[in-house]
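Q: My questions are about this predicted structure, shown below with the sequence.
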Amino acid sequence: MNFASVRMITEDVDSLVAFYEHVLRVSAERSAPVFAEFVLPSCTLAIGHTQTTALFGVDAANASRAMNHPVILEFHVADIEAEYERLRTFIHDWVQQPTTMPWGNRSMLFRDPEGNLVNFFEPISKEAIQRFNKRH
């Protein structure tokens, strides 16, 4: 089995797509006005309108904005300091500027326009680098 994607549900697909196009530096694939995908080498980030939840038999109220606060979308980046400089004036809701974590990653955390947490991280300790090298 392979992990295929994470889908975020929103009332404003266009706004969230524009945000992630800037943050990820990847153009979204738009197969329908109510659906978009960011196809990355490691996974796909999908964005769907609340209207799409009915197709799964889920009431839109049960898939509403800001219900995923315990979830953090994480992106492994090559240079955390460069990413911070690139995004520091674009991001409006910083949770944490680049900080070295006890497990060996340098990490920065922010919220997207829907309130979802996003973590960019770079392994910097020898152990963290080895751990991630084994995965790729």
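A: Everything's here; your move.
Q: Okay, now the unreliable bits of the protein?
A: 58-69, 136 (pLDDT under 70).
Q: Okay, strands next: where are they in it?
A: 5-10, 29-32, 35-39, 44-49, 72-76, 94-100, 105-111, 117-123 (DSSP state E).
Q: what would those strands look like in TSV with distance to residue 87 and mean neighbour count?
A: (Each C-beta comes from the backbone N, C-alpha and C, glycine too.) Listed next are those as TSV, based on distance: least, Cβ to Cβ, whole Å; neighbours: other Cβ atoms under 10 Å:
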stretch	distance to residue 87	mean neighbour count
strand 5-10	19	18
strand 29-32	23	12
strand 35-39	16	18
strand 44-49	16	20
strand 72-76	11	15
strand 94-100	9	13
strand 105-111	8	20
strand 117-123	8	21
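Q: Redo the ones you listed as TSV? Include distance to residue 55.
A: What follows is those, written out as TSV (distance: least, Cβ to Cβ, whole Å):
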stretch	distance to residue 55
strand 5-10	12
strand 29-32	11
strand 35-39	10
strand 44-49	9
strand 72-76	23
strand 94-100	33
strand 105-111	28
strand 117-123	26
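Q: I'd like the distance from residue 99 to residue 107, if you could.
A: 6 Å (Cβ to Cβ, to the nearest Å).
Q: Please apply the same query to residue 22.
A: From residue 22 to residue 107 the distance is 20 Å (Cβ to Cβ).
Q: One more: residue 48?
A: For residue 48, the distance to residue 107 - Cβ to Cβ - is 28 Å.
Q: With residue 133 instead?
A: Residue 133 is 18 Å from residue 107, by Cβ to Cβ.
Q: check contacts around the closest residue in space to residue 46 that isn't next to it in sequence.
A: Using Cβ to Cβ, 6 or more residues apart in numbering and skipping residues adjacent in sequence, the residue nearest residue 46 is residue 7, 4.0 Å away. Neighbouring residues of residue 7 by Cβ atoms under 8 Å, 6 or more residues apart in numbering: 46-48.
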